[in-house]
Structure formats: C-alpha cells, structure tokens
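Engineer: would you be able to build a 3D model of this:
(chains A, B, C and D)
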There are 2 protein chains.
Amino acid sequence: MATLGDLERAVMDLLWEHPEAITANTLRDLLSQRPSATEADSRPLAVTTVLTVLSRLEKKGLVERERATRPHRYRAVTSRADHTAELMLEVLGSAPDREAVLARFIGTVSEGEAETLRKLLGRD
Amino acid sequence: MATLGDLERAVMDLLWEHPEAITANTLRDLLSQRPSATEADSRPLAVTTVLTVLSRLEKKGLVERERATRPHRYRAVTSRADHTAELMLEVLGSAPDREAVLARFIGTVSEGEAETLRKLLGRD
DNA sequence: CTTAGAGTTCTACGAGTCGTAGAATTGGTT
DNA sequence: AACCAATTCTACGACTCGTAGAACTCTAAG
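Structural biologist: Numbering: from 1, shown residues only, chains lettered A, B, ... in the order given. Coordinates of the predicted model:
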C-alpha cells in the first residue's frame, strides 16, 4: 500500500469529510476557505493541482471517480477508518514476530483505548 | 517517523537478526550469502552501498554506531517489535476517529491474534 | 452548426528520497 | 614512511510529490 504525501493526505481528508463526493466545482469553494496548516501561507492551491493529486490517488486505488457526469465526481474508495485499519494491519504484517508487536502495541495504548479494545474483543 | 525503502528495510532486518551489532567486516560475509529476493539477481551489493544506507538510517535515528572501535559497530536503536508497534501507534494516531479504526482493526485480525490480545489486555 | 467557457487531461519542473557505488580520505600497523 | 582496510564524500539515475500552466474536450448557448 502506498504512503501519502502531505497534499495527498490533505485531499483524502477532504474526501473523507465530504462523503457525497466532490467535483471541480466544490473544489473552488473548499480551496478558498480551507484552513491552511501554516496559518498565513496565504495563496490557495490551483484547482488543477488538486485535480492532479486526485488522479494520482485514483491510480493508487484510494479514489474513484464517476466519469459519466460532466463535472466528474470524486470519492474515497474506503472510509478513513477502514483505510487506517488496513494500514495498521499491513504494518503489523511486516514483522515476523507479530505477538511481540502486539504486546508492545497494547503496552503503549492509552487506558481508555485499552478499555475500548476489551469491549470490542468481547469475552470468550 | 520515516518510511523505509526496500534496501533500508533489508538492512534493518539484518540488524534485527544480528543483535550483536554488525561491522563492515561482518557485512562482506552477509552480502555474499544473503538470500536475494528475486532468486537469481546474482550480483551482490557493494559494501559501500550498505554503509551508505547505514549512515542514512543513522541520520533517521533508527541505527546507532560506535565510532570508538575501528571497524565501527552498527546496531538497531529499537527492537523490531518496538519499531513496528510505534509505527502502528503512529498510523492509529493519524485518524481522528480512533475508536472506529480500532473497531475495524479488531474485526480484521485473526482469531488467534484476537485471543492473544485478550490475554494481553487482561480482565478489568 | 459554431463557439466560448467550464472542466479535464497532459506535460513539466524542481525538490527530495533511495539504490547504487566509485573516489577520496583517514587511521592504525609494520 | 607507506600500505591497506575502513570510512566518508560525492554523484547519478530513477522515482515520487507538490505545483501548475498549456492544451484539449465537451456541452450549452447563439
């Protein structure tokens, strides 16, 4: 699975925040009023820039688009939760000593999260 | 945290398999008889190549070396399990809806691993 | 039908990373 | 003083990413 750059990541976040798909139209609005990470870096991105990364994300299989409608509609293929969980699985799978990894993982997770995990695992 | 390339990864694996640190000497042996991924790609790496990536890994904080001894001794800073767990944590932290991610994660993990997790989490 | 304008694709460049390794340098040993 | 192994420096080609203008393609209006 691919690792995303900063802008790619930001675009995925846009898509995840906008489940009803975005288009070149939507984009213009989003770009003008987006909270820029560095506060005052001012100049908004060109629309084509975002279109380019959308294409790249499509090639990577993270985004799909409807080509039928005129302003193409872009949407994320998987939810952010799914995507992230998948990544975690992949990372876990990259080590041969999975048990050991899980042990460390559990050891570092917050107590609240540990509780969540217990619930999710259920008893027996 | 950094994402590793193929060779960098392979070198880390070498280090992790060799807890007693490796040197330019050790390297020569390891390189000649290492199992090449593609079976018959034949030509072994130059020693300097590996030294270069070791330096890069050092800069990334994954490797530390003893400069006192003449053949410098390289070793991994963290165990593979620690490193991997850290990565997983980082991935998990990249999403705002951590609970949802954990839910998906648990849903995908094998039953055996789920059991392991239950044990690790303990009751209450 | 012809055309303009919105929307889409193509092409490109500069910075950064990685695999790769020779060239130059250093430092201990004879 | 000189040699040799070990280390560092420098470099290049391939690839990724942020960035976006140039060129092209629809569709809707005239």
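
Engineer: list the buried ones in the lowest-mean-pLDDT helix or strand in chain A?
Structural biologist: Using mean pLDDT, DSSP states H and E, the weakest-scoring helix or strand in chain A turns out to be helix A:24-32, at a mean of 82. Of the residues in helix A:24-32, those buried under the neighbour-count criterion (16 or more other CB atoms under 10 Å in any protein chain shown) are A:24, A:26-27, A:30. The C-beta positions use only the backbone N, C-alpha and C, and glycine is treated the same way.

Engineer: so which residues of chain A form helices?
Structural biologist: All helices of chain A, identified by DSSP state H, fall at A:6-17, A:24-32, A:47-59, A:80-93, A:98-108, A:111-121.

Engineer: could you dump these into a markdown table and include distance to DNA strand D?
Structural biologist: Written out in a markdown table, the entries for the helices of chain A read as follows (distance: least, CB to the nearest atom of the strand, whole Å):
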| stretch | distance to DNA strand D |
| --- | --- |
| helix A:6-17 | 4 |
| helix A:24-32 | 9 |
| helix A:47-59 | 4 |
| helix A:80-93 | 13 |
| helix A:98-108 | 24 |
| helix A:111-121 | 29 |
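
Engineer: and whatever residue of chain A ends up closest to DNA strand D, its phi and psi?
Structural biologist: Of chain A, the residue with the smallest distance to DNA strand D, taken as CB to the nearest atom of the strand, is residue A:5 at 2.2 Å. Listed backbone geometry of residue A:5 is phi -80, psi 180, with angles given as degrees, to the nearest 10.

Engineer: which segments of chain A make up each domain?
Structural biologist: Recorded structural domains for chain A (assignment: automatic domain parsing) are A:6-76, A:80-121.

Engineer: and the ones you listed, which one is worst for confidence?
Structural biologist: Between the domains of chain A, the one with the least mean pLDDT is domain A:6-76; it has a mean of 86.

Engineer: how near is the closest residue to residue A:2 other than its chain neighbours to residue A:45?
Structural biologist: Sequence neighbours aside, residue A:60 is the residue nearest to residue A:2 in space, at 4.7 Å (criterion: CB to CB, 6 or more residues apart in numbering or on different chains). From residue A:60 across to residue A:45, the span is 19 Å (CB to CB, to the nearest Å).
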